[in-house]
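Undergrad: coords please:
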Amino acid sequence: MRNQFRSFLFLSLILVCVASLSLVINILALTPEEDTVALKSNSYEESQVSLTHKSNSWVEDKLEEEQTGEKDESVTEDEAIQAVQQNQEAEEAEHEEVELASMSAEVAFKQYPVRTVVATGYTAGYESTGKTADHPLYGVTFSGLTVQRDVVSTIAADPNIFPLGTVMYVPDYGYGIVMDTGGAIKGNKIDLYYETVDEVYSEWGKKSTEVYVIQMGDGSVSEEDLEYWKNEIESEALPVFNE
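TA: Below is the predicted model:
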């Protein structure tokens, strides 16, 4: 009887151990899944918090933008490329306008004879004429008219080449009429009148240039001639360019 009791007790212990081991195994098997679910739950909650923060931040930025009136004006790559292209187009258009202005002078005066001359700037002063301002003939030309830098300016020339009264257009100087002569002006040489020595050096000096002969003179020039050519130019009966 005593032996049977011992056997029963031993069997009971074994069953208890087996049951306990089975429970431990089940617990160990379920723990990773629960941990994963917990982690996923935490990750989802963090994601929701992050989205909420971003949403709040966006709303705050928009409210600040509306209050201050400031907007993000950063230049995108496409805008930068477009700006460069516009600048290039503007430079090309300006270059074309300069070329057109240069060509238009040739076209406008193509009906007139072209002469190549050596042109020198001069004044009415002592450095050019040997006369001072107190001289009675200071500023008086061979034609008897007074020098002028105007719509039609004074030109001195060899009367055997360009008689008095000859009207010509000198690029970068403007219209001029032969009113004067000079002992050193021989052949294809002309002098262009300027009011000051500084203007002579800064605006002209001495150089070879082509001139367009509008009309050859008859050896004389008068105030009426000056007025006539001035009106012709101002009324644009002759081509007009900004000099």
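Undergrad: CA only for contacts and neighbour counts going forward, please
TA: OK.
Undergrad: could you find the closest non-adjacent residue to Glu223?
TA: Using C-alpha to C-alpha, 6 or more residues apart in numbering and skipping the chain neighbours, the partner closest in space to Glu223 is Leu145 (7.6 Å).
Undergrad: wait, that neighbour touches Ser222, no?
TA: Yes. Between Leu145 and Ser222 there is a contact under C-alpha atoms under 8 Å: 7.4 Å.
Undergrad: next, count neighbours for the residue nearest to Glu223.
TA: Counted with other C-alpha atoms under 10 Å, residues neighbouring Leu145 total 16.
Undergrad: tell me the contacts of it?
TA: Listed by C-alpha atoms under 8 Å, 6 or more residues apart in numbering, the contact partners of Leu145 are 179, 222-223.
Undergrad: just these now: which is nearest Gly205?
TA: Nearest to Gly205 among these: Met179, at 20.0 Å, using C-alpha to C-alpha.
Undergrad: how close does the closest one sit to Ala90?
TA: 44 Å (C-alpha to C-alpha, to the nearest Å).
Undergrad: one more: Asp180?
TA: Asp180 is 45 Å from Ala90, by C-alpha to C-alpha.
Undergrad: looking at the two, which is more packed in?
TA: Neighbours were tallied for Asp180 and for Ala90 using other C-alpha under 10 Å; the higher tally belongs to Asp180 (26 against 12).
Undergrad: quick check: phi and psi at that one.
TA: The phi and psi values for Asp180, taken as degrees, to the nearest 10, are phi -140, psi 170.
Undergrad: beta partners for it?
TA: Applying DSSP bridges to Asp180 yields these beta-bridge partners: Ala156.
Undergrad: show me what contacts it?
TA: 141-143, 154-157, 164.
Undergrad: kindly recompute the last result at 10 Å.
TA: 140-147, 154-159, 163-165, 190-191, 193, 221 (C-alpha atoms under 10 Å, 6 or more residues apart in numbering).
Undergrad: from Tyr122, how far off is Gly182?
TA: Separation of Gly182 from Tyr122 (C-alpha to C-alpha): 11 Å.
Undergrad: hey, what's in contact with both of those two?
TA: Common contacts of Gly182 and Tyr122 (C-alpha under 10 Å, 6+ apart): 128-129, 156, 190-191.
Undergrad: without its sequence neighbours, what residue ends up closest to Met216?
TA: Among residues not flanking Met216 along the chain, Thr166 sits closest, at 4.4 Å (C-alpha to C-alpha, 6+ apart).
Undergrad: just confirm the one you found contacts Ser153, I think it does.
TA: No. Using C-alpha atoms under 10 Å, Thr166 is not in contact with Ser153, being 11.7 Å away.
Undergrad: what do the two both touch?
TA: 176-179.
Undergrad: mind checking which of these are in strands?
TA: 176-179 (DSSP state E).
Undergrad: select only the buried ones of the contacts of Leu145 in ChimeraX?
TA: For the buried members of these, the matching ChimeraX selection, counting by 16 or more other C-alpha atoms under 10 Å, is:
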select :179
